[in-house]
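1. A predicted structure for the sequence below; I have some questions about it.
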Amino acid sequence: MTLPSSSASSTAATPTTDSGGASSPFALLSDDIVLNILAKLEVDPRDWARLACVSARLSYLVRNVCYRSRCCRSLPSDLLPSAAASSAAAWPSLHKISVCCPGLLRAGILLEHSDFGLERDIGPHIFVPPLSSSSSSSSSSTSSDPPNPLPLIPSEAADSCWSLFDDLYFDTVYDHSESQDATLTPIDPSPGEPPVRVGSVAPKKRKKQRVGPVGSHLASGPWSLSREQGNKLLASRFRGDCLYICDWPGCIHAEEKRKYMLFRGVFKNFKRSRVWKTISDSNRGKIALDCAFCACRETWDLHSAFCLRRVFGFHDDGEPVVRAYVCENGHVSGAWTERPLYA
């Protein structure tokens, strides 16, 4: 298969000299010959990426000719950028979405899924100090005194809004008079280990074993994008948005706990979609998760923004069945998991 030549393909390239002053034999080849050689390497897109790092000429031909030719043949025509709107990074990003898996890190698998944005929705955690030792000793000396009142919230915490953490705390507060007869002996922590506070995470955690690659890599399965798969991901009120994601099941990663089916995709006209309007109107905050297909350093969580279908649900450990993240350029990465049996 022959790739279309560039504007300078009719004439031989101008010879250039290296640091030693000798003319490079590669510079004597015309763009037509170079593009025919690059067409032989289309089977493995990683070869194009390696050659693009060799010289500026190969980088231009790969990024502007090879990537564009492949995207026009393998992707839907509705998704291709117009000639006026296309930029230097449009075709490389689109080609990378079609053939590259975001990996476990940029698909959000390695993020902590204990709250999934609940702290941003219900407010920050308010620390309530325990009762002082003097007040507890005075209350235990006289049995006729009434039970201790509930601890007061500090002034700086009282100014803020009431949160779910306060409800959980006061639901677990017990009457101190019930345990007057019990003698409590404080346990001194060992000098070598830091004390464990209430509500803190244990310092030692078992390291999770990762089987698949964590970073971006060549995706398994078909290298194509489909809008039908995107409609299965978004909520019903966002069905008018054009989201193209890879065909099912994507790139499969069988990990220690469950199997993840990583997907990637892109919104067409993302800044004019209802998903973007929902994110911007609700002032959703970004998370520190890099985009796997462009230079964006932060993304939005579509799950916490209520843009995904709510029927997917969660696993018993709190991990969502489906997660997805989108950057400012409309590039999407995420992962499916098998639905739990009780759902």
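-> Here it is on my side, so go on.

2. Val275 touches Val326, doesn't it?
-> Yes - between Val275 and Val326 there is a contact at 7.2 Å, judged by Cβ atoms under 8 Å. All C-beta atoms are positioned from the backbone trio N, CA, C, and that covers glycine.

3. tell me, what's touching these two both at once?
-> Taking Cβ atoms under 8 Å, 6 or more residues apart in numbering as the criterion, Val275 and Val326 both touch Phe267, Leu302.

4. which residues sit in contact with Cys296?
-> Asp290, Cys327, Glu328, Asn329, His331.

5. Looks like the first one contacts Arg297 (just checking).
-> The reference is to Asp290. Yes - between Asp290 and Arg297 there is a contact under Cβ under 8 Å: 5.7 Å.

6. Looking at those two, which is more packed in?
-> Legend: neighbour count by other Cβ atoms under 10 Å for Asp290 and Arg297, higher for Asp290 (18 against 11).

7. what secondary structure does that one sit in?
-> Here Asp290 is recorded as coil under DSSP: H, G, I helix; E, B strand; the rest coil.

8. Run through the stretch 101-250 of the chain and note the low-pLDDT ranges.
-> Within the stretch 101-250 of the chain, the stretches with pLDDT under 70 are 112-213.

9. so what's the nearest residue to Leu302 once chain neighbours are set aside scoring on pLDDT?
-> Spatial nearest neighbour of Leu302, chain neighbours left out: Ala324 (4.4 Å); criterion: Cβ to Cβ, 6 or more residues apart in numbering. Confidence at Ala324, expressed as pLDDT, is 93.

10. where exactly do the strands run in the chain?
-> 100-101, 217-218, 225-226, 242-246, 251-254, 259-268, 300-301, 322-326, 331-337 (DSSP state E).

11. ok so, going back, which one's more surrounded, Val275 and Val326?
-> Taking other Cβ under 10 Å, Val275 and Val326 do not tie; Val326 has more neighbours (27 against 23).

12. Run a quick neighbour tally on the nearest residue to Cys242 once chain neighbours are set aside.
-> Leaving aside its sequence neighbours, Cys242 sits nearest to Lys268 (Cβ to Cβ, 6+ apart; 3.8 Å). By other Cβ under 10 Å, 18 other residues sit near Lys268.

13. Which residues does stretch 67-76 contact?
-> 3-4, 42, 48, 80, 91-92, 94-95, 98, 223-227, 244.

14. Of the residues you listed, keep whichever come out buried.
-> 3, 48, 80, 91-92, 94-95, 98, 223, 225-227, 244 (16 or more other Cβ atoms under 10 Å).

15. Looking at those residues, which one is closest to Trp336?
-> Ranked by distance to Trp336 (Cβ to Cβ), those are led by Ser226 at 14.3 Å.

16. so who does that closest one touch?
-> Ser226 neighbours (Cβ under 8 Å, 6+ apart): Pro76, Tyr244, Ile245, Cys246, Asp247.

17. Which strand residues bridge the fourth one?
-> Read it as Cys246. Beta-bridge partners of Cys246, counted by DSSP bridges, are Leu225.

18. Pull the number of nearby residues for it.
-> Here the number of neighbours of Cys246 (other Cβ under 10 Å) works out to 25.

19. The last one now?
-> Neighbour count for Asp247, taken as other Cβ under 10 Å: 14.

20. mind starting the numbering at 802 from now?
-> Got it, the first residue is 802 from now on, which makes the last one we talked about Asp1048.

21. quick one, phi psi at it?
-> Phi and psi for Asp1048, reported as degrees, to the nearest 10, are phi -70, psi 150.

22. For it, give its distance to Gly1066.
-> 11 Å (Cβ to Cβ, to the nearest Å).

23. which neighbours do the two share?
-> Leu1026, Gln1030.

24. ok, and what's touching stretch 1058-1065?
-> 898, 901-905, 908, 910, 1020, 1030, 1046-1047, 1049-1055, 1093-1094, 1116, 1132-1139.

25. Which of these are buried? Put it as a PyMOL command.
-> Per 16+ other Cβ under 10 Å, the buried members of those correspond to this PyMOL selection:
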select buried, resi 898+901+902+903+904+905+908+910+1020+1030+1046+1047+1051+1052+1054+1093+1094+1116+1132+1133+1134+1135+1136+1137+1138
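
26. quick one: which of the contacts of stretch 868-877 is nearest Val835?
-> Leu804 (9.5 Å).

27. Export stretch 892-903 to PDB, keeping only CA atoms.
-> Provided in PDB are the C-alpha atoms of stretch 892-903 (Å, rounded to 0.1, in the frame of the first residue of the first chain):
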ATOM      1  CA  TRP A 892      -3.500  13.600  13.800                       C
ATOM      2  CA  PRO A 893      -0.900  12.200  16.300                       C
ATOM      3  CA  SER A 894      -3.400  12.300  19.200                       C
ATOM      4  CA  LEU A 895      -6.200  10.700  17.100                       C
ATOM      5  CA  HIS A 896      -3.800   8.000  15.900                       C
ATOM      6  CA  LYS A 897      -2.600   7.300  19.400                       C
ATOM      7  CA  ILE A 898      -6.200   7.000  20.700                       C
ATOM      8  CA  SER A 899      -6.900   4.300  18.000                       C
ATOM      9  CA  VAL A 900      -3.900   2.100  18.700                       C
ATOM     10  CA  CYS A 901      -2.700   2.900  22.200                       C
ATOM     11  CA  CYS A 902      -4.100   1.600  25.500                       C
ATOM     12  CA  PRO A 903      -3.900   4.200  28.300                       C
END
